[in-house]
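> Pasting the sequence and the predicted coordinates here, then a few questions.
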Amino acid sequence: MVVLPQYVMIVLKGSVPMAFGGTQEPAAYGKLVSIGGLDPDVNKKLSAGIASILESKLYVPESRFYLKFSDSKRSDFGWNGSTF
């Protein structure tokens, strides 16, 4: 998978009240949307990389977050007055 930085967008919302597994310890939920390129092997690698970042930078243990992967068609995304 080739990642073109000019097409990567990240939104972080801190201080959102969240309960995970019955506690309010640090936790996270993420949604990763791609225009093609996702498959089980890629998702596993992305999950491991994101888990490492969440744990080292935001102190969220890998056991306290869910990550949802969605693969979309190019025509499902509008940009610059058109679609991809």
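Everything's here; your move.

> Need the residue closest to the centroid of the chain.
Centroid check for the chain by Cα atoms, centre = their mean gives residue 32 as the closest residue, at 3.6 Å.

> buried ones in the host helix or strand of residue 55?
In the assignment (DSSP states H and E), residue 55 maps to helix 40-58. By neighbour count on 16 or more other Cβ atoms under 10 Å, the buried set for helix 40-58 is 43, 46-47, 50-51, 54-55. The C-beta positions use only the backbone N, C-alpha and C, and glycine is treated the same way.

> Quick check: of the residues you listed, which lies closest to residue 82?
residue 46 (27.7 Å; Cβ to Cβ).

> any weak-confidence spans in this protein?
1-4 (pLDDT under 70).

> which residues in it form strands?
28-35, 65-72, 78-79, 82-83 (DSSP state E).
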